[in-house]
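[1] Pasted the sequence and its predicted model underneath.
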Amino acid sequence: MKTKRLHLPLAALLLLTATAAQAKGESTQADPKLKAAIASQERPEADRARDRYRHPAETLTFFGLKPDWTVVEISPGGGWYTEILAPYLAERGHYYAAGPATSLPDSSEGAKKSAAALAAKFSANPARYGKPTITEFQPPLRTEVAPADSADLVVTFRNVHNWISRETELAAFKSFYGALKPGGTLGVVEHRGKPGETLEEMKKSGYVSEAYVKQLAKLAGFEFVASSKVNDNAKDTKDYPDGVWTLPPTLKLGAQDREKFLAIGESDRMTLKFIKPKS
């Protein structure tokens, strides 16, 4: 007996596709408000030029971002994602910037200047940024990035290798767990290393094995939800003399093979979603 081919209307097929994606923890369409925040001409031009490498709309949609959420960004650095998240959350949500520690006896002048610059940015344009909260993050000494059980989403972009180099990675993940509500989401983007890399190799290259990130999250209490290919880069061979910093934006080798590395683009990155269990 021949099997009958099932013919479904296009709308039904699209609905099935969307339902399957959501079942794996993926959203299929970015919020128009998020798209507007990303397209804003108030974002620095240099930031917008890197959207093609960092895919902010797809990444944040995958993490499930909503405009009324409380969101903690870990180590925002120069504020690349801050320029998207803070304006997006300004009206209905709340943005926490977990920046460098400034209250420790050995806090550096660089950390103090960075925190001051971020505070000045926010206070100079409350109409754009709303009223974000700046907290300190330097595990294991400063780990309260937001009040306990208060955040809907904690995000970290390309920071795990830094914590590995300081041997504070587990303390960092435990901090995120403490800040999230039960059922809250942890979103991780990190330079993806080759399977089986040792910790010493990760420290040297800046690339981290996906299995190690998942292990850290599990040890901290998280459950893995899903991964996305949105920040994959198959051109990245991960075998450079100066590790991930050989590629843009750092281009550590300067003019040497510059065009080659520009053609590769930014690193191959894992994009992972975890959840803090509800019970």
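    Nice, thanks for sending it over. Predicted, not measured: the structure shown is a model, and the values here were computed from it.
[2] residues in contact with the nearest residue to Tyr240 once chain neighbours are set aside?
    Once flanking residues are discounted, Tyr240 sits nearest to Thr246: 3.5 Å by Cβ to Cβ, 6 or more residues apart in numbering. For glycine as for every other residue, the C-beta is placed from the backbone atoms N, C-alpha and C. With contact taken as Cβ atoms under 8 Å, 6 or more residues apart in numbering, Thr246 is in contact with Tyr240, Lys252, Leu253, Phe261.
[3] Those residues, buried ones only, as a ChimeraX selection?
    Here is the ChimeraX selection string for the buried members of these, based on 16 or more other Cβ atoms under 10 Å:
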select :240,253,261
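[4] Next one: Ile84 from Lys214, what distance?
    26 Å (Cβ to Cβ, to the nearest Å).
[5] Looking at the two, which one has more neighbours?
    For Ile84 versus Lys214, the count of surrounding residues by other Cβ atoms under 10 Å is larger for Ile84: 24 against 17.
[6] So which bits of the helix or strand hosting that one are buried?
    Per DSSP states H and E: Ile84 is located in helix 82-89. For helix 82-89, burial by neighbour count (16+ other Cβ under 10 Å) applies to Thr82, Glu83, Ile84, Leu85, Ala86, Pro87, Tyr88, Leu89.
[7] Check stretch 42-57 too.
    In stretch 42-57, counting by 16+ other Cβ under 10 Å, buried: Arg43, Asp47, Arg50, Arg54, His55, Pro56, Ala57.
[8] Any chance of these in a markdown table with secondary structure, pLDDT and distance to Lys278 as columns?
    Shown next, in a markdown table, are the buried residues of stretch 42-57 (DSSP: H, G, I helix; E, B strand; the rest coil; pLDDT from 0 to 100; distance: Cβ to Cβ, whole Å):
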| residue | secondary structure | pLDDT | distance to Lys278 |
| --- | --- | --- | --- |
| Arg43 | coil | 97 | 36 |
| Asp47 | helix | 96 | 36 |
| Arg50 | coil | 96 | 36 |
| Arg54 | helix | 97 | 31 |
| His55 | coil | 98 | 29 |
| Pro56 | helix | 98 | 28 |
| Ala57 | helix | 98 | 28 |
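[9] Need the residues you listed in JSON lines (columns: distance to Arg158).
    Converted to JSON lines, those look like this (distance: Cβ to Cβ, whole Å):
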{"residue": "Arg43", "distance to Arg158": "19"}
{"residue": "Asp47", "distance to Arg158": "15"}
{"residue": "Arg50", "distance to Arg158": "12"}
{"residue": "Arg54", "distance to Arg158": "9"}
{"residue": "His55", "distance to Arg158": "13"}
{"residue": "Pro56", "distance to Arg158": "13"}
{"residue": "Ala57", "distance to Arg158": "18"}
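[10] Now flag whichever of these is closest to Ala226.
    His55 (15.8 Å; Cβ to Cβ).
[11] Kindly provide the distance from the closest one to His191.
    Per Cβ to Cβ, His55 is found 15 Å from His191.
[12] same question, Asn233
    Separation of Asn233 from His191 (Cβ to Cβ): 10 Å.
[13] contacting residues around Ala172?
    So Ala172 contacts Ile74, Phe137, Pro139, Thr143, Thr156, Asn159, Val160, Trp163 (Cβ under 8 Å, 6+ apart).
[14] Recalculate using a threshold of 6 Å.
    For Ala172, the contact set (Cβ atoms under 6 Å, 6 or more residues apart in numbering) comprises Pro139, Trp163.
[15] Right, I'll leave it there.
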